[in-house]
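Undergrad: Okay, sequence plus prediction incoming.
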Amino acid sequence: MPRIIGIRHQEKGTVAGEMRPTQFFILEDDGASSTLEFEDVLGELNWLVGKYALGFREVTDRTEDLSMHAGSIKFGPCAEGENLSGFHPSQLLKEKGKVKVARKVPSLYDGVRPDDIYVAMMGGSGHQLVAGLSARLEKLGGSGAAYHVPPNRIADRYGKDRDKDNDAFLVIGFFKSNPELFYKVLVQDRLIANVKSCWANRKAAQFARIAHGLRLRKVALLKAYAEPEAYAGAGLEVETLKFIAGDIDTKDLESDESAATTALKNAVEATEVWTKIFDPLEGVGPAIAGGIIAAIGDIRRFKTPWQLAKFCGVACVTKDVKGSPLARATIQRRRSGEFSGWNNDARKCLWNFADQCNRRPSSVWGQHLLAIKAKTLELHPEPVEETSSTGKKIKRYTKGHIHKMAIWRLQTDFICVIWRQWKRVFKYPGDLYYTKNKNDLRPPGSRNTDIITEDLKEDAA
């Protein structure tokens, strides 16, 4: 029986400086168990290639070539008066003008074995590690595999308030008792993990360019006071833009962002989710699709389309986050002192898609937007004046209000349709979706528009 390794991946450091190492719980074939903690990314990479050091020995032979242990050697300061002439070059390290000497070298390595079984929870920060393990096992050609499970199944079994420090152990127990509830990490899962990485890279590149531009604006304002004749009046904005455009670092950051955008486009277009679901849709490009794909990761994390809509921040809710009933059904909103809980990237991408639909009234989803407006106008042909909870007079069901309602409704319907199509197209083995009643999968409050009716007909088929 192969060894089973449970994974609890964590970001290695928080803003507050708290260290959160990745945890491996290893269950050997003879029943013995052990725990490993990776305090940095290098430890995870060393494990992937079978070069993770489990034990060290003293270096006694100064002529020994330690090149094969590069990156794992423990160096120490050179003793006063120590003769280094007979040392092998691999045992010496020059750092900040000082020479260090190899003191310890790994005596035992461990890492991915061809028959290993890795189990982890979907989502979170561990997608790159799990994808890397899957690719490595495939390359080694053994019977091993990487599996992951939707977090809600662990929560249903062990509770949301469980001690999450034990997740690496719990996920093994759950796998042994319910292997059918786990999904093998396949090539498409690795491609989607790559989309998530490329999306994060592009987002970081955008933030870097914007932050640098804001800093240059402040510098330009300081120059304006020194040269008021050039900057006064309309010249302030013109000269500021010239100053920013002529900056070498700005050009480099724009080049980095362009390269990150190209990488994201290539990563998105390599997935079947793009070719089979998003590419045929007018108004959805690689940037919008990339943000949605990166946020969702694996559609099997979500039991229903309504759960996905709530995750994306476009669900129509009747209660606040504390469970108190609202005066009327409303779209999810960020309220002071409350935790929103949605994925902001997905919400922004869905809003951009709705804007594209508004600009493309002849497209399929542009027509759906118009249909929602028409049906809402039938129900509320005249504006209604009401008094808000603060005593302020407000008008509802004006043309502007109906437009906003339709924009939000479109996003809800769209993400629910994406959920169904993603499930329908890929037909994941063992997916519980195919044992459910399809009549329960309709978005609550959805209008009887053609696009929703036809999509539900495909579900029934």
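TA: Cool, got the structure. Keep in mind that what you see is a predicted model, and the values were worked out from it rather than measured.
Undergrad: CA atoms for contacts and neighbours, from now on please.
TA: Will do.
Undergrad: ok, which stretches of the stretch 301-450 of the chain are helices?
TA: For the stretch 301-450 of the chain, the helices defined by DSSP state H, counting those that start in this stretch occupy 305-311, 344-359, 364-379, 399-426, 450-460.
Undergrad: Out of these, which is closest to residue 272?
TA: Closest of the helices of the stretch 301-450 of the chain to residue 272 is helix 399-426, at 9.0 Å (criterion: Cα to Cα).
Undergrad: Who are the packing partners of that closest one?
TA: In terms of contact count using 3 or more Cα pairs under 8 Å, 6 or more residues apart in numbering; DSSP states H and E, helix 399-426 is assigned the packing partners helix 305-311, helix 344-359, helix 364-379, helix 450-460.
Undergrad: let's see 10 Å
TA: Helix 399-426 is packed against helix 272-273, helix 305-311, strand 316-319, strand 325-331, helix 344-359, helix 364-379, helix 450-460, with contacts defined by 3 or more Cα pairs under 10 Å, 6 or more residues apart in numbering; DSSP states H and E.
Undergrad: And stretch 172-191, end to end?
TA: 25 Å (Cα to Cα, to the nearest Å).
Undergrad: For the longest strand anywhere in the chain, buried residues please.
TA: As assigned by DSSP state E, the longest strand anywhere in the chain is strand 98-110. Neighbour-count burial for strand 98-110, counted by 16 or more other Cα atoms under 10 Å, picks out 100-106.
Undergrad: try stretch 397-404
TA: Taking 16+ other Cα under 10 Å as the neighbour-count basis, stretch 397-404 is seen to contain the buried residues 397-398, 402-403.
Undergrad: still on that earlier bit, residue 120: which of the helices and strands packed on helix 399-426 is closest?
TA: Checking these against residue 120 by Cα to Cα gives helix 305-311 as the closest, at 20.8 Å.
Undergrad: roughly how far is that closest one from the heart of the chain?
TA: In terms of Cα atoms, centre = their mean, to the nearest Å, the centre of helix 305-311 is set 16 Å apart from its chain centre.
Undergrad: Domain parsing of this protein, as residue ranges.
TA: What automatic domain parsing lists as the domains of the chain is 1-51+111-185, 53-61+69-109, 187-269, 301-460.
Undergrad: a markdown table for those domains, including mean pLDDT and distance to residue 288?
TA: Listed next are the domains of the chain as a markdown table, based on pLDDT from 0 to 100; distance: least, Cα to Cα, whole Å:
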| stretch | mean pLDDT | distance to residue 288 |
| --- | --- | --- |
| domain 1-51+111-185 | 91 | 20 |
| domain 53-61+69-109 | 90 | 40 |
| domain 187-269 | 90 | 10 |
| domain 301-460 | 79 | 5 |
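Undergrad: could you dump these to JSON lines with distance to residue 291?
TA: Shown next, in JSON lines, are those (distance: least, Cα to Cα, whole Å):
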{"stretch": "domain 1-51+111-185", "distance to residue 291": "15"}
{"stretch": "domain 53-61+69-109", "distance to residue 291": "36"}
{"stretch": "domain 187-269", "distance to residue 291": "7"}
{"stretch": "domain 301-460", "distance to residue 291": "6"}
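Undergrad: just so I know, which of those domains lies nearest residue 277?
TA: domain 301-460 (7.1 Å).
Undergrad: Could you export the helix or strand that residue 5 is a member of as CSV, CA atoms only?
TA: In the assignment (DSSP states H and E), residue 5 maps to strand 4-8. Provided in CSV are the C-alpha atoms of strand 4-8 (Å, rounded to 0.1, in the frame of the first residue of the first chain):
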residue,chain,number,x,y,z
ILE,A,4,-0.8,8.8,1.8
ILE,A,5,0.2,12.4,2.4
GLY,A,6,-2.4,15.0,3.6
ILE,A,7,-1.6,18.7,2.8
ARG,A,8,-2.6,21.8,4.6
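Undergrad: Neighbouring strands of that strand in the sheet, and parallel or not?
TA: Strand 4-8 pairs in its sheet with strand 22-27 (antiparallel), strand 117-121 (parallel), by DSSP bridges.
Undergrad: List the contacts of residue 34.
TA: Applying Cα atoms under 10 Å, 6 or more residues apart in numbering, we find residue 34 in contact with 5, 24-28.
Undergrad: The same query, at a cut-off of 6 Å, please.
TA: residue 26 (Cα atoms under 6 Å, 6 or more residues apart in numbering).
Undergrad: So it lies in a strand, does it not?
TA: Yes - per DSSP: H, G, I helix; E, B strand; the rest coil, residue 34 lies within a strand segment.
Undergrad: So what sits opposite it in the bridge?
TA: Note on residue 34: beta-bridge partners by DSSP bridges are residue 26.
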